[in-house]
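Colleague: could you look at this predicted model? Sequence included:
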Amino acid sequence: MNVLAVEFGNLFGSLSSFLDYTIGGLVFGAIYALIALGYTMVYGVLQLINFAHSEVFMYGTFAVAWTFVFLHGTDSVSQSLGEALPILLVALLAAMLVSAAVALLLERFAYRPLINKNAPKLIALISAIGASFALAEAMGLRDRFAGWVGLDDNLANYVSPEKARDVYSNPVTIQPKDLFDIGGYTVKDIDLVVVFAALAMMVALDQFVRRTKFGRGIRATAQDPEAAALMGVNSTRVVQVTFLIGGLMAGVAATLYMMKIGSTRQNAGFILGVKAFTAAVMGGIGNLRGALLGGLILGMMEAWGSAVFGSEWKDVTAFVLLVLILLVRPSGLLGESLGKARA
Amino acid sequence: MIRSKKTLRGVVALAGVAALTLSACGSDDGDKDKDNGSASGSALCGKSLAFLGALTGDAGALGQNMVNGIDLALKEYNAKNADCKVTLKEFDSQGSPDKAPALATQIINDDSIFGLIGPGFSGESLATGKTFFEAGLPSISPSATNVTITQQGWTTWHRVIGNDDAQGKADAKYLTETAGATKVFVVDDGQDYSKGLAGTVKTALGSAMVDSDQISVGDTNMSAVVTSIKNSGADAVFYGGYYTEAGLLAKQLRQGGFKGTFMSGDGSQDPNFVKVAGADAANGAVLSAPAGPAPAGFEATGLYATQSYDATNIFLAALEDGAESSEDINKFIGSYTNADGISGPIAFDDKGDIKESKIYAYFVKDGVMDVENPEPIE
């Protein structure tokens, strides 16, 4: 036991820093999990990996930053969570709306024409990758669009002229406040809010899919689209709602992310998208609870990997773990599909 | 359909032939100019300097600063020498080592170009140095700081800015002597520039370096590095890399309760550093750069404008000195000394590095990076 304690001390420093690593990992894991929902829901229903989902998230982060610029102005200040709360709630709404709108547009223009024509899944995958590039580049070129419609001056704060591809920051920095101590580690309000908000959204969504009539429709379509259609489930509507939910969750993730990180750019979705997709696969793609579990485990593994081997090994640790999990459980940790979830 | 494709191909082929013919004519004209030119004044009158660097793209603003400096020097020269004007040809590499080599070929094949200001960045300098050296085209970079460029034996390559080696040593000195740090944690982002700078800092710190770590570009979650830094008991952090990650690291460090000095190099010396970090976290940060502020009344503004102005003036001084060819210019640059350059005293060593370079420490105060009053690190 003593030896273990010494080893532990060597790896993580102390109990308080072990908690520090773990909670840092959990916070990001929660954000991964929320984004992972978008991948997992769409996969569950359509057996299609929506690679453009990372851009759905990225548009949400810009919606948050722009809401602050619009309601607060561009002068840079620090506020506590309480002070920033009114604007933050508006920003949450804006991010959910924007992300949901982007997700619905994706469904309408990048997927539905292909699904209606019964195109092979591979074609839809290519369409997803194309849509992802188009959305990211559109954000990176927003200064030009604003220039074309002659809105340079009015929109200068939003398009950041000449630097649209550069990092774009929320003018309001949300300063975390210390709440209480556990084992020498101080818990901060932002971290707590991020983790609990993500958990609450997960529970709500899980209950929605399990208990509501619409949730039953989603599960039915995931199990057998044709039989579901014969039973009177409107499959087009189900697909739309699936994208809508993925978008709403990405909007929440974007708000939590901006609260924690505070800046974004046109390619901000890429790395988070890859991580979230990994989390979805780790937990079992198509499985809602799996997305949560996968996200949290991935976040913690990254943090622990950084602690033990150094930050340059963080992704290696996380992906070696993914490979190991898939070797033992090829369908992910919880391995169940959306359709098989019990009511 | 097939027909129209053929027609198109025909047009393309014709255009290609036309272009070849035209460029052939161009080079003929160039030769004639040379013959005529030597009869009256310098053979280089009426010819051009080239600029190679980022004018658009993520780092486009830096290239624009450089062109401002070059334009100012040319304007002053052309006003004095109406009979021997020099123009500027701009080549936009977007700062990319992938795009620069094709432009380098264009530049060396253009007979009207007798010298190059640039390349702007280290990556593109390494990618094009051999081309320019083999063509014998003299170049002076206002901003490429990677140490290895001048170790390649490219005798036509020069820079009017201190290299990362000089900056790293100065940064380590600042941290231990001025800031009084005894335990420095060094972080970099794994890129060439960042590893080079952080590596020099590590070596110069010696036993004052407590530990090091490496993050990756584009990653925004620094919580693990922050915990490692706090664990190490470090009283200062040096970050080698660019402003986005530097800002995120500074922000998450302060939010994690780190109280020591935060320092980074010229890659982070950008107003966006403060925006990303937020005013509170950025306050007190120290950012070094091998470039000082422009003297009062200097018309061209922005980082590297003064270096570009000085680099251009070296070429123009060579012209006034009666240089007739690239070899003359290269020889002239090698022996050039100017104690009163706008960016500082200028003289080159035999590798093409500037002999004396001053590194400045810039400070963030009250949520603004004070670009007017840096302190030179002696």
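Modeller: That came through fine. Numbers count the residues shown, from 1 in each chain, chains lettered A, B, ... in the order given.

Colleague: list the buried residues of the helix or strand hosting B:Phe91.
Modeller: Assigned by DSSP states H and E, B:Phe91 falls within strand B:87-92. Going by neighbour count (16 or more other Cβ atoms under 10 Å in any protein chain shown), the buried part of strand B:87-92 is B:88-92. C-beta here means a position set from N, CA and C on the backbone, and glycine is covered the same way.

Colleague: grab the nearest non-local neighbour of the closest residue to chain B within the stretch 201-343 of chain A.
Modeller: Here the stretch 201-343 of chain A gets closest to chain B at one residue, A:Ser306, 3.3 Å apart by Cβ to the nearest Cβ. Leaving out its chain neighbours, the residue that sits closest to A:Ser306 by Cβ to Cβ, 6 or more residues apart in numbering or on different chains is B:Ala224, at 3.3 Å.

Colleague: ok, A:Arg289 next?
Modeller: Excluding the flanking residues, the one nearest A:Arg289 by Cβ to Cβ, 6+ apart is A:Leu334, at 5.8 Å.

Colleague: that neighbour is in contact with A:Ile285, isn't it?
Modeller: No - at 10.1 Å, A:Leu334 does not count as touching A:Ile285 under the criterion of Cβ atoms under 8 Å.

Colleague: who's more crowded, the two?
Modeller: Using other Cβ atoms under 10 Å in any protein chain shown, the more surrounded residue of A:Leu334 and A:Ile285 is A:Ile285, with 25 against 19.

Colleague: what helix or strand does residue 158 sit in?
Modeller: Answering for chain A, as no chain was given. A:Tyr158 belongs to helix A:156-159 when assigned by DSSP H and E.

Colleague: actually it's chain B I care about, not the one you picked
Modeller: Short version, using DSSP H and E: B:His158 is in strand B:157-159.

Colleague: for that strand, packing partners?
Modeller: Using 3 or more Cβ pairs under 8 Å, 6 or more residues apart in numbering or on different chains; DSSP states H and E, the elements in contact with strand B:157-159 are helix B:122-135, strand B:139-141.

Colleague: and the ones you listed, which is most packed in?
Modeller: Mean neighbour count (mean count of other Cβ atoms under 10 Å in any protein chain shown) peaks for strand B:139-141 among the helices and strands packed on strand B:157-159, with a mean of 30.

Colleague: what's in contact with it?
Modeller: When contacts are defined by Cβ atoms under 8 Å, 6 or more residues apart in numbering or on different chains, strand B:139-141 is touched by residues B:115-120, B:125, B:132, B:156-161, B:311, B:314-315, B:333.

Colleague: can you rerun that using 6 Å?
Modeller: Defining contact as Cβ atoms under 6 Å, 6 or more residues apart in numbering or on different chains, one finds that strand B:139-141 is touched by B:116, B:118, B:132, B:157-160, B:311.

Colleague: buried members of these into ChimeraX, please.
Modeller: The buried subset of these, as determined by 16+ other Cβ under 10 Å, is captured in ChimeraX by this line:
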select /B:116,118,132,157,158,159,160,311
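
Colleague: which one of the contacts of strand B:139-141 sits closest to chain A?
Modeller: Proximity of the contacts of strand B:139-141 to chain A (Cβ to the nearest Cβ) peaks at B:Gly118, which lies at 20.4 Å.

Colleague: that closest one: what's it in contact with?
Modeller: B:51-53, B:141.

Colleague: can you check B:Cys45 too?
Modeller: B:Cys45 makes contact with B:Cys84, according to Cβ under 6 Å, 6+ apart.

Colleague: give the helix, strand or coil label for it.
Modeller: Assigned with DSSP: H, G, I helix; E, B strand; the rest coil, B:Cys45 falls in the coil class.

Colleague: how about A:Asn234: what's its closest non-neighbour residue?
Modeller: Distance criterion Cβ to Cβ, 6+ apart; nearest residue to A:Asn234, sequence neighbours excluded, is A:Gly217 at 7.6 Å.

Colleague: look up how far A:Val233 lies from that neighbour.
Modeller: Between A:Gly217 and A:Val233 the computed distance is 5 Å (Cβ to Cβ, to the nearest Å).

Colleague: sorry, back to before: thought the residue of the stretch 201-343 of chain A closest to chain B was touching A:Lys314?
Modeller: Yes - the pair A:Ser306 / A:Lys314 is scored as a contact, 4.5 Å apart, by Cβ atoms under 6 Å.

Colleague: helix, strand, or coil at the residue of the stretch 51-200 of chain B found nearest chain A?
Modeller: Nearest residue of the stretch 51-200 of chain B to chain A, counting by Cβ to the nearest Cβ: B:Asp58, 5.4 Å away. Following three-state DSSP, we place B:Asp58 in the coil state.

Colleague: run a quick neighbour tally on the residue nearest to it when sequence neighbours are not counted.
Modeller: Excluding the flanking residues, the one nearest B:Asp58 by Cβ to Cβ, 6+ apart is A:Arg165, at 5.4 Å. Residues within reach of A:Arg165, counting by other Cβ under 10 Å, total 20.

Colleague: leaving out sequence neighbours, find the closest residue to the residue in the stretch 51-200 of chain A positioned nearest to chain B.
Modeller: As assessed by Cβ to the nearest Cβ, chain B sits closest to A:Thr173 within the stretch 51-200 of chain A, at 3.1 Å. Computed as Cβ to Cβ, 6+ apart, the closest residue to A:Thr173 that is not its neighbour in sequence is B:Gly278, at 3.1 Å.
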